[in-house]
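S.K.: what would the 3D arrangement of this be:
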Amino acid sequence: MLEIKSVEMKRDRSLIDANFTGYKLSLESVHVAREQVSDGPVHLQPTSQMFGFLHAKIFGEHNHLFLDNYTDNRVFYISASGKIYTMNETGCPSEVWNIPETGQPHEYNPAVVFASESLALVSDGSGTLFIVDTGDRNEECIWRSVFQDNVCGKERPFVVRYGSVENEGKSLEVVLQYIEDPERMEVTALPSNSQEETSFFNCLEWITFSLEDKGWQMERVRRVVSHGGFNYVSVLAGSLAVSAEKKTVLSFDSLNPVETLDVEPVNQEQDEKPKFYWKQTDEDLEIWFYVLPDTVKSQVNINVTDKKMDVKISGVDFLQGEFNASVEQDSWTWTIDHGKIGVMMSKVNAGKWSSIWTEASDGVKGQEVTDLTEDTLLPHLTSENPVVSGDMEREPAFNTQELESVDDTMEENSIFVWQSDATAQSIASLSGNQHLMAIPMPGGQPPALCIRSDVDGLVLKVENKKLEHISTFPALGYVQAGKQNRKFLGAPHDFSYSAICDDSRHIYIYRQPKPIQNELRNRKTGLKVEGVAVQQVVTLDNREDILGLQATPTFLFLVTQHALYRITVN
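M.R.: I've put the predicted structure just below:
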């Protein structure tokens, strides 16, 4: 029987600025250096056999620029000819290695991961893993392969996702990812409803290598499968740490046979997402909820009496309950807009309600929205006005009816899982917290995880069965949702800024608030303004797709098919 332990994710309120008034546009220029490249990054698209959502996700989110988190300001890319190039803050791209050709078709984009100061892992996209001795990468030495094999079997290509040297250099943890049809999988344990959800599986092959006299040898192979995407992957303290969009199962272990397991939801009742949201004033009551975006008005049937509410979608009961007090029966209205349905009512007797339903009512679960939650504090968080020393007043809150897709975090079943074998899992619920990015950390530390919470982006340090809130990007959750053409998000390991790039030309830089030297007060409220958060917009002279982005405390690196860009941020 699989033992599941729940891990609580705690937010540090001291790291969240509830009075954040938004970003001010700075007209200060930033330096952009452009290096022409003749042998640009390889950019493969899914084949005709790769038609699932998981394939689209693994190709669409592939970052063709790879950051070396053991050195300062150094990035790499892999060209269409199989050559690996490096670039730092001073020079043009230089070649460090040519991936040997294996004769197998390349189905995935190649990738490189750095496991130590002198060791790299390279996947060629055709099913071969290379362990490479890089020497001192600051010296741009020529690399040398010390291991290569089809570690996942023949005709099973993959992408390397993570690697780290452990046990004082005597062992190596490697995680590979591929999408597979269940008919080709040697699986002994799958979710009980697996055949009904999708025809493809997202697989993580977790391989432990040991350093022997003859070199690196495969010691143990474990496989974790899921029906959803994997947004974060690392290995720490002997456990695979994964942020997954759906439940996961360790289906294979070369050392310990895996029995068939049925995975039950963790704390389902406690972690259930509210079915609707509500907001009140002394006189009014507003309820809103989300349905499929293509739902039309004729499919919705809403009935409100003085004490009860009943909602049916396409003839199916959706929401019912008995109000805590009476509403005016003849003055309520409702609207529908892109899958968001709102119902506005007036109270018979003025006053705040302690809850929306009576205690005796069997109404479905809802969540009250206050002035500090994501549905009310959104629109003023970015500004098209330059930074000035004058009025810093807070803009009025947005009416909830004006909110659309930026309000939807979408990932209802997301979880963070720690697992070392098939007998136990530790799980933290990320339900309702949209994944934003994984932030590379220096010196071989596991990446940090950034998720959306209300309007903000919370940075979480991933530890053994623990998620620690260590920093916050104010309003990043909201502003990234408003960038409809966003391609990549990035941030440096010191969290001094965050960056969003669209598909070809624009990069939006959001800097952390900085204290103001002289005292400045809001002219209307009299409150002291502690700091100003600045946003900058960089427009590239470029019409090609941006294929990769990496951030360091000093530079932003971007790559297209024919150019490498280096933006000086600090």
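
S.K.: from now on I want contacts and neighbour counts done on CA atoms only, so please keep to that.
M.R.: OK.

S.K.: tell me where the model's unsure across the protein.
M.R.: For the chain, the stretches with pLDDT under 70 are 1, 185-198, 260-272, 362-363, 370-413, 519, 521-527, 529.

S.K.: scan it for its longest helix.
M.R.: helix 53-60 (DSSP state H).

S.K.: and for it, what's in contact with it?
M.R.: For helix 53-60, the external contacting residues (Cα atoms under 8 Å, 6 or more residues apart in numbering) are 44-46, 50, 108-109, 179, 200-202, 228-229.

S.K.: how about Cys152, what does it touch?
M.R.: Going by Cα under 8 Å, 6+ apart, Cys152 touches 127, 205.

S.K.: state the three-state secondary structure for it.
M.R.: Secondary structure, DSSP: H, G, I helix; E, B strand; the rest coil: Cys152 is coil.

S.K.: how near is it to Asp253?
M.R.: Cys152 sits at a distance of 13 Å from Asp253 (criterion: Cα to Cα, to the nearest Å).

S.K.: after the longest helix of the chain comes which helix or strand?
M.R.: Under the assignment DSSP states H and E, the closest C-terminal helix or strand after helix 53-60 is strand 66-67.

S.K.: quick one: the helices in the stretch 101-250 of the chain?
M.R.: Assigned by DSSP state H, counting those that start in this stretch, the helices in the stretch 101-250 of the chain fall at 194-197.

S.K.: make CSV out of the contacts of helix 53-60 and add distance to Ala360.
M.R.: Shown next, in CSV, are these (distance: Cα to Cα, whole Å):
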residue, distance to Ala360
Leu44, 59
Gln45, 56
Pro46, 54
Met50, 52
Tyr108, 57
Asn109, 58
Ile179, 49
Phe200, 45
Phe201, 44
Asn202, 44
Gly228, 38
Gly229, 41
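
S.K.: quick revisit: in the longest helix of the chain, what counts as buried?
M.R.: Within helix 53-60, the residues that count as buried by 16 or more other Cα atoms under 10 Å are 54-55, 58.

S.K.: do the same with stretch 64-76
M.R.: Result for stretch 64-76 [16+ other Cα under 10 Å]: buried residues 64-70, 73-76.

S.K.: can you list the residues you listed in TSV and add distance to Pro440?
M.R.: Listed next are the buried residues of stretch 64-76 as TSV, based on distance: Cα to Cα, whole Å:
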residue	distance to Pro440
His64	15
Leu65	13
Phe66	10
Leu67	8
Asp68	9
Asn69	7
Tyr70	10
Asn73	12
Arg74	13
Val75	12
Phe76	14
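
S.K.: what's the farthest-apart pair in those residues?
M.R.: Using Cα to Cα, the pair of the buried residues of stretch 64-76 lying farthest apart is His64 and Tyr70, separated by 18.5 Å.

S.K.: my guess is Gly52 meets Asp181, correct?
M.R.: No: if you go by Cα atoms under 8 Å, Gly52 and Asp181 don't touch, sitting 10.4 Å apart.

S.K.: common neighbours of the two, please.
M.R.: Common neighbours of Gly52 and Asp181, using Cα under 8 Å, 6+ apart, are Phe200.

S.K.: for the protein, which segments count as helices?
M.R.: Along the chain, the stretches classed as helices by DSSP H are 53-60, 194-197, 268-271, 476-481.

S.K.: which strands or helices does the last one pack on?
M.R.: By that I understand helix 476-481. The contact analysis (3 or more Cα pairs under 8 Å, 6 or more residues apart in numbering; DSSP states H and E) places helix 476-481 against strand 448-453, strand 456-463.

S.K.: let's have these in TSV, adding distance to Phe473 and mean neighbour count.
M.R.: Shown next, in TSV, are those (distance: least, Cα to Cα, whole Å; neighbours: other Cα atoms under 10 Å):
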stretch	distance to Phe473	mean neighbour count
strand 448-453	9	24
strand 456-463	5	23
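
S.K.: which among these is found nearest to Glu544?
M.R.: Smallest distance to Glu544 across the helices and strands packed on helix 476-481 (Cα to Cα): 28.0 Å, for strand 448-453.

S.K.: ok, now which ones touch the residue nearest to Pro41 when sequence neighbours are not counted?
M.R.: Leaving aside its chain neighbours, Pro41 sits nearest to Ser79 (4.0 Å; criterion: Cα to Cα, 6 or more residues apart in numbering). Ser79 sits next to 39-42, 85 when contact means Cα under 8 Å, 6+ apart.

S.K.: biggest separation within the residues you listed, which pair?
M.R.: Within those, Val42 and Tyr85 form the most distant pair, 11.9 Å apart (Cα to Cα).

S.K.: so what sits against both of the two?
M.R.: Listed as contacting both Val42 and Tyr85 by Cα under 8 Å, 6+ apart are 78-79.

S.K.: who has more neighbours, the two?
M.R.: Comparing Val42 with Tyr85 by neighbour count (other Cα atoms under 10 Å), the higher total belongs to Tyr85, at 21 against 18.

S.K.: ok, back up a step: of the contacts of helix 53-60, buried ones?
M.R.: Those of the contacts of helix 53-60 that meet the buried threshold are 46, 108-109, 179, 200-202, 228-229, by 16+ other Cα under 10 Å.

S.K.: could you export the residues you listed as JSON lines, including distance to Pro93?
M.R.: Compiled in JSON lines, the buried ones among the contacts of helix 53-60 are given as follows (distance: Cα to Cα, whole Å):
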{"residue": "Pro46", "distance to Pro93": "28"}
{"residue": "Tyr108", "distance to Pro93": "24"}
{"residue": "Asn109", "distance to Pro93": "20"}
{"residue": "Ile179", "distance to Pro93": "32"}
{"residue": "Phe200", "distance to Pro93": "38"}
{"residue": "Phe201", "distance to Pro93": "37"}
{"residue": "Asn202", "distance to Pro93": "34"}
{"residue": "Gly228", "distance to Pro93": "37"}
{"residue": "Gly229", "distance to Pro93": "33"}
